[in-house]
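Engineer: Structural data only, the sequence is not supplied:
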């Protein structure tokens with residue numbers, strides 16, 4: 001069941017959803033969602049520095065990306081067909097009996113801006129700054145500014161409190177992230193199909 005505006009406020013008051021900085025309900029709370037804002041750190045792909053992506057190379061993802069800081073005077077210019085990783089301004093913690101979903105905002109979607117490629121679910125027990133996979137499907141560059149409302153979160157109750165929250169999972173890749181981390185798929189590949197390290 002998706003939480004309504006009143007249930008989102010109640011979950012925040014009870015500490016089942018924690019946000020820092022605290023949201024401004026007047027501008028960020030929708031009927032069943034909560035808008036989060038764009039952070040200032042962005043990871044961009046250095047297309048000219050790499051010939052390909054090797055999923056077995058743990059350094060490949062980091063080598064092909066560069067972290068930049070955006071400001072009000074120097075915003076992100078999201079070019080057509082471009083993909084960048086960015087965090088929200090807010091640190092988010094989700095209780096062990098809730099799941100969060102990140103969605104795009106309609107006003108940005110109408111300009112061709114998407115906020116996630118596939119990773120929309122934030123598991124129960126998530127802690128960190130949510131990372132967005134920002135893309136421009138349009139034909140015109142779009143400027144994105146830090147602090148602007150860029151995505152919407154919805155929250156749902158799961159059937160029961162999970163046994164292992166995300167931040168306690170042994171093999172979690174992104175718990176506690178404070179900046180946009182590059183893909184850690186190479187760690188999964190190194191462990192092999194049964195989850196054990198290759199010798």
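Structural biologist: Looks like it arrived, so ask away. Remember, it's a predicted structure, so these values are computed and weren't measured experimentally. Numbering: from 1, shown residues only.

Engineer: Please report the distance of the most centrally placed residue in the chain from residue 113.
Structural biologist: The centroid of the chain falls nearest to residue 131 when counting by CA atoms, centre = their mean (2.3 Å). With distances taken as CB to CB, to the nearest Å, residue 131 is found 16 Å from residue 113. In short, each C-beta sits where N, CA and C put it, glycine included.

Engineer: Report the spatially nearest residue to residue 133, omitting neighbours in sequence.
Structural biologist: residue 117 (4.4 Å; CB to CB, 6 or more residues apart in numbering).

Engineer: And the one you found, its phi and psi?
Structural biologist: phi -80, psi -50 (degrees, to the nearest 10).

Engineer: Residue 107 now?
Structural biologist: Dihedral angles for residue 107 - degrees, to the nearest 10 - are phi -60, psi -30.

Engineer: Find me the pLDDT at it, would you?
Structural biologist: Residue 107 is assigned a predicted lDDT (pLDDT) of 94.

Engineer: And the pLDDT for the residue nearest to residue 133?
Structural biologist: So, for residue 117, pLDDT stands at 79.

Engineer: shouldn't it be in contact with residue 135?
Structural biologist: Yes: counting by CB atoms under 8 Å, residue 117 does reach residue 135; the two are 6.7 Å apart.

Engineer: Which neighbours do these two have in common?
Structural biologist: Counting by CB atoms under 8 Å, 6 or more residues apart in numbering, the residues touching both residue 117 and residue 135 are residue 83.

Engineer: what residues are up against residue 84?
Structural biologist: 42-45, 76, 78, 134-135.

Engineer: likewise residue 118?
Structural biologist: Counted by CB under 8 Å, 6+ apart, residue 118 has contacts residue 133.

Engineer: Pass me the low-pLDDT residue ranges in this structure, would you?
Structural biologist: Within the chain, the ranges that satisfy pLDDT under 70 run 47-49, 58-61, 172-177, 179-199.
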